[in-house]
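1. kindly return the folded structure for what I paste below:
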Amino acid sequence: MNFTKGLMLTCGVTGAALAAVSMTGLTYGFKPAGSVDEGGRMTPQIVTLAPIPLKLGSSGDVVQVSLSLTVSSALERDVVCARMNVLQPAAARLIGEKIRASGPAGTAIPSNLDRTLRAAIADIVGDKQIERVSVTVTPAGATPPGASCI
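-> Okay, the predicted model is just below:
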């Protein structure tokens, strides 16, 4: 009779533990990055390129320009990271061209740089992968965000 009571007690405790874990998961709605949400869309991922040093104007001020690419899922993030060896130099070249063409001695960063970069990056990695491009300018002496693809 002791074996039966022990087995029933063990099953009861196991069931209670599973119920507690289930209720916790349902209550807090935990979803790992890259999971599908209620609308069938994937959770967006951010890919950050390595900072690009740029010299602004004739004064010699060097700023760091960082690009953050918003992609729709972990799969697209992997595609973008795989193309990083082509993407990084192309982005640096395009940013340099746009700043030189922006005004006298290339002293300003154009306001539509994010849209221009999105179109150029979409040509490299595919139009469906990139949802948004964010440009972050870090002044000299400050620490720019690091690259997310290693």
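2. give the next helix or strand downstream of the longest helix anywhere in the chain.
-> In the chain, with assignment by DSSP state H, the single longest helix is helix 2-28. Using DSSP states H and E, the helix or strand that follows helix 2-28 towards the C-terminus is strand 45-48.
3. tell me which residues touch the spatially most central residue of the chain, please.
-> Centre of the chain computed as the mean C-alpha position; nearest residue by CA atoms, centre = their mean is I46, 0.9 Å away. Neighbouring residues of I46 by CB atoms under 8 Å, 6 or more residues apart in numbering: 68-71, 148. Yep, even glycine has a C-beta here, placed from its N, CA and C like the rest.
4. out of these, who has the most neighbours?
-> L69 (26 neighbours; other CB atoms under 10 Å).
5. how far away from the center of its chain is stretch 90-97?
-> 20 Å (CA atoms, centre = their mean, to the nearest Å).
6. sorry, that was for stretch 112-131
-> 14 Å.
7. list the buried ones in it?
-> By neighbour count with 16 or more other CB atoms under 10 Å, stretch 112-131 contains the buried residues 113, 116-118, 120-121, 125, 129-130.
8. please apply the same query to stretch 129-146.
-> Here stretch 129-146 shows 129-130, 133, 135, 144-145 as buried, counting by 16+ other CB under 10 Å.
9. where in this structure is pLDDT low?
-> 1, 29-42, 57-59, 102-108, 127, 150 (pLDDT under 70).
10. scan it for its longest strand.
-> strand 61-71 (DSSP state E).
11. what residues does that strand touch?
-> 44-56, 77, 79-80, 91, 95, 109, 117, 121, 129-140, 142, 144-145.
12. I'd like the next helix or strand past that strand.
-> helix 74-82.
13. angles on the backbone of P139, please.
-> Main-chain torsions, P139, degrees, to the nearest 10: phi -70, psi 160.
14. would you map out the domains in the chain?
-> 1-30, 45-138 (automatic domain parsing).
15. buried stuff in stretch 81-94?
-> In stretch 81-94, counting by 16+ other CB under 10 Å, buried: 81, 83-84, 87-88, 91-92, 94.
16. and those residues, which two are furthest apart?
-> C81 and L94 (19.2 Å; CB to CB).
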